[in-house]
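Enquirer: Structure for this input, please:
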Amino acid sequence: MKSQNVSLLEKIEEFCRKANIAESTFGYLVVNDGKLCSRLRNGKDVTMNTANKIQMYIDENKSSLKSNENSEVSISKLNTPIENFDEKSKTQDISKKDKPFRFFDNRQKYLSFVNTCNEKWKIAERAAEELKHIQPNPPAFRLFDAGVGDGTLLCHMIRAMHRLFPTMPFFLVGKEISLEDVRLCLEKLPDRFVEHPANVIVLTNLYYSEAPWLKPGKSKTEDLFWKEVQLEGNSSFEFGEQLRMLDQFLVEGWQTVPGKKTGNPTYVRPSVLVLYRADHRFLLDSIIPKKGEIGGEYDLLLASQPWRNQMDLDFKIEKILSPLTLSLRKGGRLFAVQSYGNDPATDLINQIWDGEKTTGQNRHELINGLKKSLGQNARMFNFNTGSDARSVFSYHMHTLPEEISTNIGTSTLFAAWNAAIYAAQIEDEKLESVISNDEYLKITERVLKKYGGLWFNDESFIVSRKRS
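Expert: Okay, the predicted model is just below:
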């Protein structure tokens, strides 16, 4: 296998050099894994199926390289991987012109944002307050995270739940389409299995209308990629080692293609990963999920920034809010968060793009739309938009007092700029002309000095199912 890895690496390096593309781009195009080459260099083996896929992709694109030996090869001229796309999408141009842009796919912006701002922790603190309103029913506390991200929010909630219900079994489902986010989430889970052994944690890439029930639409049911893992041992080190061994399953199960209309990534194969401790198998038997037998019935449902701001109201309601609401059990609560604006970050954006709309429908419009969509079923729920004093909260970009002084460092300016354009979901096409000179950094500096830092506002609302 090592000789195979060396051979594959040499072929990939040669291909990338001739095509003038990054190795990470090659990895994403072929197997949806930007770290493919680094894993090969570190001695990680690949399956024969993956090796064949790589070789087939290189062979199919040799003609494009030969005809462009003296010029850069556009990614749009490269064939898309056979197994990653359907027959119609193989012939489509995936260039910037034809491929709809999805802001949250930019991993660099995302990772910089979550590591320099405390939004996830603020949302977690607010969500934990909902636990006092919940009366779980046997056999488990059931929580659904509608966009688990890097696992920060989920892990904070597990800790908060353990404090209140230290001996109660937990059934936790996290929906996430991003392969990298799932990897980051798995890195945080070993300690949770130590502190609270009675955990059943499920990760899935299913749509919002499918994920609460862990069941894809009828046309995809037979393709469901289901893996159940019993973690052996009793230490976080042992659990971490076993979770790292799941990487190949993740690469195969979390492949995506861009949606034709919205550009949102959609799964190639519906996948479910079930995790629990082997020594608690007997205790957890009644809550370990089985294919086609999940009834929803969640005590708490977290929907933190589950949509893009500028999506139309009908999409947010019909594709996300309505199905999530219907998955609540009696007494269950949906806690939703979205951007609110009216903050220094919005000021920064509007100084560059005058009148740029950085938020979508407010919480009142969303609730009214949800009531209309639910029809007579709306009588089963309570809807609480709350006052601004209760529902609107702020989070900050981390800075030290000396960083916001007379001369603000370049790294702080770049971090603030990245956070502002990420929260406002500014598309790359709009950035090209702005970042051609340093005026945007001067504006960023003025805003930081004006407000003594950078902060953002979110708003929340609650939907709860009546107990009777």
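
Enquirer: Find the residue at the geometric middle of this structure.
Expert: The residue lying closest to the centre of the chain (Cα atoms, centre = their mean) is residue 149, at 3.9 Å.

Enquirer: can you pull the contacts of the closest residue to that one other than its chain neighbours?
Expert: Leaving aside its chain neighbours, residue 149 sits nearest to residue 181 (5.3 Å; criterion: Cβ to Cβ, 6 or more residues apart in numbering). (Each C-beta comes from the backbone N, C-alpha and C, glycine too.) Residue 181 makes contact with 148, 149, 150, 151, according to Cβ atoms under 8 Å, 6 or more residues apart in numbering.

Enquirer: May I see these arranged in TSV, with secondary structure and distance to residue 303 as well?
Expert: Formatted as TSV, those follow (DSSP: H, G, I helix; E, B strand; the rest coil; distance: Cβ to Cβ, whole Å):
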residue	secondary structure	distance to residue 303
148	coil	11
149	coil	12
150	coil	17
151	coil	16
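
Enquirer: Among the residues you listed, which one lies nearest to residue 300?
Expert: Set against residue 300, the nearest of the contacts of residue 181 by Cβ to Cβ is residue 148 (13.8 Å).

Enquirer: and the two most separated of the contacts of residue 181?
Expert: 148 and 150 (7.9 Å).

Enquirer: more crowded one of these two?
Expert: Between residue 148 and residue 150, residue 148 has the larger neighbour count (other Cβ atoms under 10 Å), namely 26 against 22.

Enquirer: Tell me how far that one lies from residue 120.
Expert: As judged by Cβ to Cβ, to the nearest Å, residue 148 and residue 120 stand 11 Å apart.

Enquirer: now residue 109: how far from residue 185?
Expert: Going from residue 109 to residue 185 by Cβ to Cβ gives 19 Å.

Enquirer: what's the answer for residue 372, then?
Expert: Counting by Cβ to Cβ - residue 372 and residue 185 are separated by 35 Å.

Enquirer: Comparing those two, which shows the higher neighbour count?
Expert: Set residue 372 next to residue 185 and count neighbours by other Cβ under 10 Å: residue 185 wins out with 24 against 11.

Enquirer: tell me the secondary structure for that one?
Expert: What DSSP: H, G, I helix; E, B strand; the rest coil gives for residue 185 is helix.

Enquirer: Just give the closest residue to it, not the sequence neighbours.
Expert: residue 151 (3.2 Å).

Enquirer: what residues are up against that neighbour?
Expert: Taking Cβ under 8 Å, 6+ apart as the test, what residue 151 contacts is 174, 181, 184, 185, 186, 187, 188, 189.

Enquirer: Now restrict these to buried residues only.
Expert: 174, 181, 184, 185, 186, 188, 189 (16 or more other Cβ atoms under 10 Å).

Enquirer: which one among the residues you listed gets closest to residue 219?
Expert: residue 174 (24.3 Å).

Enquirer: and the closest one, that's in a strand?
Expert: Yes - the assignment for residue 174, made by three-state DSSP, places it in a strand.

Enquirer: Serialize the contacts of residue 181 to JSON lines and add fields for pLDDT and distance to residue 39.
Expert: What follows is the contacts of residue 181, written out as JSON lines (pLDDT from 0 to 100; distance: Cβ to Cβ, whole Å):
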{"residue": "148", "pLDDT": "94", "distance to residue 39": "23"}
{"residue": "149", "pLDDT": "91", "distance to residue 39": "22"}
{"residue": "150", "pLDDT": "91", "distance to residue 39": "19"}
{"residue": "151", "pLDDT": "94", "distance to residue 39": "21"}
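
Enquirer: just to revisit the earlier point, from residue 140, how far off is the residue nearest to residue 149?
Expert: 25 Å.

Enquirer: May I see the buried residues of stretch 288-297?
Expert: In terms of neighbour count (16+ other Cβ under 10 Å), stretch 288-297 has its buried residues at 288, 289, 294, 296, 297.

Enquirer: Next up, phi/psi of the last one, please.
Expert: Just to be clear, that refers to residue 297. Backbone torsions of residue 297, given as degrees, to the nearest 10, read phi 60, psi 60.

Enquirer: Nearest residue to it in space, please, no chain neighbours.
Expert: residue 329 (3.9 Å).

Enquirer: quick revisit: residues that sit against both of residue 148 and residue 150, list them.
Expert: Joint contacts of residue 148 and residue 150 (Cβ under 8 Å, 6+ apart) are 181, 185.

Enquirer: Could you report the distance from residue 267 to residue 254?
Expert: Applying Cβ to Cβ to residue 267 and residue 254 gives a distance of 7 Å.

Enquirer: What residues does residue 299 make contact with?
Expert: Going by Cβ under 8 Å, 6+ apart, the list of residues near residue 299 reads 134, 136, 137, 141, 142, 143, 329, 331, 332, 333.
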